[in-house]
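Trainee: Output the structure for:
(chains A and B)
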Amino acid sequence: MSAERATVPNVDQNPKKLDVRSILHFLQRFQSILGLIVVVVLASILCVRDGVNLFLNPINLANIVRSVSENGIIAIGMTLVILIAGIDLSVGAILGLTATAAADLMMHKDLGFGSTLVIVLLLGAFIGWLNGIVVTKLSIQSFIVTLATMSIARGVARFWSGGIGIPITYGDEPNLAPPAFSWFAERISGVPVPAICFILLSIIFYIVLKFTRFGRYVYAIGGNETAGHLSGIKVNRIKIMVFIICGVLSAFAGIIHAAQLSQGSPNDGNGYELNAIAAVAIGGTSLAGGIGTIFGTIVGALILGVLDNMLGLLNVDNNLQMVVKGLIIIAAVVLQKSRSNR
Amino acid sequence: MKNTKKWLFLVFVLVLSLSLSLAACSNTSENTSGTKKPSGGDSGEKKNFLIGMSQANLGEPWRVAMNDQIKAAADEYPELKVVFADAAQDNSKQIADVENFIQQKVDLLIISPNEAKPLTAVVKKAYDSGIPVIVLDRKVEGDAYTQYIGGDNKLIGKKAGEFVAKMLGDKGGNVVEIKGLEGATPQQERHDGFLEGISSNPNVKIIAAQNADWLKDKAITVMETMLQANKKIDVVYGHNDPAAEGAYIAAKNANREKDIKFIGIDGLPTPDGGLKAVMEGRLSATYIYPTGGKEAIESAISILEKKEKVEKTVILDTIEATKDNAEQVYKQFGGK
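Mentor: Numbering: from 1, shown residues only, chains lettered A, B, ... in the order given. Presented below is the predicted three-dimensional model:
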């Protein structure tokens, strides 16, 4: 992962300077978690009204993890894609398409819980596969490819449902959704199910990236694709796999989305790709590929969620909220840049 | 390296100071209501109320006007403080906005939902936790809300139809319809109402109908095609003012604007709204599609201060604005 980092000449620095440097290095290494601590502390101090802390309230905290979980799940897939120096702009459209598909399959095609889940995830996998195939076999930049599939997925979703949302109502009769599906919108002893899914997927992909050969290959390709190729890695296969994973995770987020909103709307998920990229970037993953972690991405998603929540609780003007969010993203990326430049 | 550090520092200071100052200014205004709240029960001093307004999106001028009218109406009552949230057309964001308002324990919630189904649960959550809820324009499912206030699209369509039937007289004429967004309820209702309105005059014919998705630029393209295809067009019925205005531009480009009358809907009291277009002679008539902003604040006062029970459903009437009354209507709805 860090062939260049290993050669950073720390040797001929004088000891005093080295000390300052190593502290700074430490700070930058954990910049994302520090950022999270800063916003959490800020929110805990500011969101107090009439002596009641609106922020540090279990219900509010549960609301936050619930609201970040969709973006978080997508951002996990986005992290993998960005690690191989790619980008996936189709994730939001896949979410809209799969949410619509899930609603339609259950409400109009009378499919059960399991088969709906499988078909929808396969649909996400298919679009991911399409992204991967075109990127690798036709060697077109992923930005362009996924821009195109974003349009395609959105168009298919709108065509499928005639441009309007499909409401989901639960029941055992035909043309009603299986009640099991509503599980995705429930809370287990106060913890929202989407948040549990997010946490589980984070752990899985943390392990995949850190401890499997696949994970090492992902880092290797992102660090130096040619070197990876020369050392015998099947670069194309790994890349296609990564895009498929991203598609499946987006589809899973689509399922959660549909359950949360009791509706599959083809217009939903607009702009979600940008939120996911923001979470990845704030989490310290380099958009040039090869450097980054799932842990950083989770923290990045949480920073965005806490920030949204805090600014909302403080009733900050919505337009200013966008400005503040933009500034935070720049600050995070500047931090990250100063790290990778050395 | 040194440079980057400087930059870093600068950006962080900027972000921090900005968010702090923002927080500070909103906190002070909260404090005034906060300190008065406990003493509000005493006689003599009026109790202060915090109202949360959750708007579906502020991309549509009509919704901006709704927020403006709520703000203007609330300014009449110093004891009311309204805080606004904009969901930017995102159902998930609007759910989070309402959850935030519940956390803040607002005294009353006004919501104009982005879509019915996804917002139903969270509106019910607010209502069940004891917060009175006023729903504007788009409905939610069930009856877990205090009051619904909305316009009547079918009535508006009908009045527009009757106006056209009367204007064209016994000779009748050709009407083209520039519709809204396919599948949207207002589009269906504005269409159905219009058909009902013109039914009294069998010589009025709709010779073409196309969607322009409520957009002015799209309406221009749609109208250009219609002008090409139809030699004689007497009336354009736009499902909203931008559609009618777009059609006017296309007709003007073809030098045919003098032969055609343009009818719109919405009648916003803004410089680019339909009322101005009527005053300036581009549109023959527009129909106010009321936002209910003012009515919502009046209901809020009834609920919070007078402790009155309010009607479950309030359907607002429209106003037909022609060149005779457009200026007066413009002023009535707060146009400047």
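
Trainee: Show me where the stretch 151-300 of chain A dips below the pLDDT cut-off.
Mentor: Within the stretch 151-300 of chain A, no stretch falls below the threshold (pLDDT under 70).

Trainee: Alongside chain B, which residues does it contribute?
Mentor: Counting by CB under 8 Å from any CB of the partner chain, the residues of the stretch 151-300 of chain A close to chain B are A:162-165, A:167-168, A:257, A:260-263, A:265, A:267-268, A:270-271. Any C-beta I mention is one placed from the backbone N, CA and C, and that applies to glycine too.

Trainee: For the chain, just list every one of the helices.
Mentor: Looking at chain A here, since you left the chain open. Per DSSP state H, chain A carries helices over the ranges A:3-6, A:15-29, A:31-46, A:58-83, A:91-107, A:113-137, A:142-161, A:193-211, A:213-223, A:225-230, A:235-261, A:272-282, A:294-313, A:318-340.

Trainee: think we crossed wires, I meant chain B
Mentor: With DSSP H as the criterion, chain B has helices at B:2-39, B:61-75, B:91-103, B:116-128, B:153-168, B:185-198, B:216-229, B:241-253, B:274-279, B:293-304, B:326-332.

Trainee: Now do the same for the residue nearest to B:Asp213 when sequence neighbours are not counted: its pLDDT.
Mentor: Counting by CB to CB, 6 or more residues apart in numbering or on different chains, B:Asp213 lies nearest to B:Leu181, which is 4.9 Å off, once chain neighbours are set aside. pLDDT for B:Leu181: 83.

Trainee: ok, now B:Ala23?
Mentor: If you check B:Ala23, the pLDDT there is 53.

Trainee: do B:Ala212 as well
Mentor: With respect to pLDDT, B:Ala212 scores 89.

Trainee: burial measure for it, as a count.
Mentor: When neighbours are defined as other CB atoms under 10 Å in any protein chain shown, B:Ala212 has 25 of them.

Trainee: likewise A:Ala276?
Mentor: Using other CB under 10 Å: A:Ala276 sits among 35 other residues.

Trainee: now the one 4 residues further on
Mentor: Around A:Val280 there are 29 other residues, counting by other CB under 10 Å.

Trainee: quick one: contacts for A:Ala251?
Mentor: By CB atoms under 8 Å, 6 or more residues apart in numbering or on different chains, the residues touching A:Ala251 are A:Ile94, A:Leu95, A:Thr98, A:Val120, A:Leu121, A:Leu123, A:Gly124, A:Ala125.

Trainee: Quick check: of those residues, which has the highest neighbour count?
Mentor: Counting neighbours by other CB under 10 Å, A:Ile94 comes out on top of the contacts of A:Ala251 with 35 neighbours.

Trainee: Might one say that that residue is in contact with A:Ser250?
Mentor: Yes - with contacts counted by CB atoms under 8 Å, A:Ile94 reaches A:Ser250, the gap being 4.0 Å.

Trainee: got any residues that touch both of those two?
Mentor: Common neighbours of A:Ile94 and A:Ser250 (CB under 8 Å, 6+ apart) are A:Gly124, A:Gly128.

Trainee: check contacts around the closest residue in space to B:Thr225 that isn't next to it in sequence.
Mentor: Distances taken as CB to CB, 6+ apart put B:Gln210 closest to B:Thr225, at 7.5 Å, once the chain neighbours are dropped. Going by CB under 8 Å, 6+ apart, B:Gln210 touches B:Val176, B:Glu177, B:Ile178, B:Lys179, B:Val222, B:Thr225, B:Met226.

Trainee: what's the closest non-adjacent residue to the fifth one?
Mentor: Leaving aside its chain neighbours, B:Val222 sits nearest to B:Gln210 (4.5 Å; criterion: CB to CB, 6+ apart).

Trainee: Distance of the one you found relative to chain A?
Mentor: Remark: distance between B:Gln210 and chain A (CB to the nearest CB, to the nearest Å) = 15 Å.

Trainee: Name the residues linked to that residue by a beta bridge.
Mentor: Note on B:Gln210: beta-bridge partners B:Ile178, judged by DSSP bridges.

Trainee: which of the residues of the stretch 151-300 of chain A next to chain B count as buried?
Mentor: Among those, those buried by neighbour count (16 or more other CB atoms under 10 Å in any protein chain shown) are A:163-165, A:167-168, A:257, A:260-263, A:265, A:267-268, A:270.

Trainee: and the gap between the residue nearest to B:Val222 and B:Ala243?
Mentor: Distance of B:Gln210 to B:Ala243, computed by CB to CB, to the nearest Å: 10 Å.

Trainee: just to revisit the earlier point, the buried ones among the residues of the stretch 151-300 of chain A next to chain B: which two are farthest apart?
Mentor: The two members of those with the most space between them (CB to CB) are A:Gly163 and A:Gln260, at 21.2 Å.

Trainee: Can you report how many residues neighbour the residue in the stretch 51-200 of chain B that chain A sits nearest to?
Mentor: As assessed by CB to the nearest CB, chain A sits closest to B:Pro118 within the stretch 51-200 of chain B, at 3.5 Å. By the criterion of other CB under 10 Å, B:Pro118 has 26 neighbours.

Trainee: What distance do you get for it to B:Pro132?
Mentor: According to CB to CB, B:Pro118 and B:Pro132 sit 21 Å apart.

Trainee: same question, B:Thr313
Mentor: Going from B:Thr313 to B:Pro132 by CB to CB gives 15 Å.

Trainee: So which of those two has more stuff around it?
Mentor: Regarding B:Thr313 and B:Pro132, a neighbour count based on other CB under 10 Å identifies B:Pro132 as having more, with 21 against 11.

Trainee: Can you report phi and psi for that one?
Mentor: Taking degrees, to the nearest 10, you get phi -60, psi 140 for the backbone angles of B:Pro132.

Trainee: Skipping adjacent residues, who's closest to it in space?
Mentor: Distance criterion CB to CB, 6+ apart; nearest residue to B:Pro132, sequence neighbours excluded, is B:Thr146 at 4.4 Å.

Trainee: Quick check, the one you found in contact with B:Gly130.
Mentor: No - look at B:Thr146 against B:Gly130 with CB under 8 Å: they stay out of range, at 10.9 Å.
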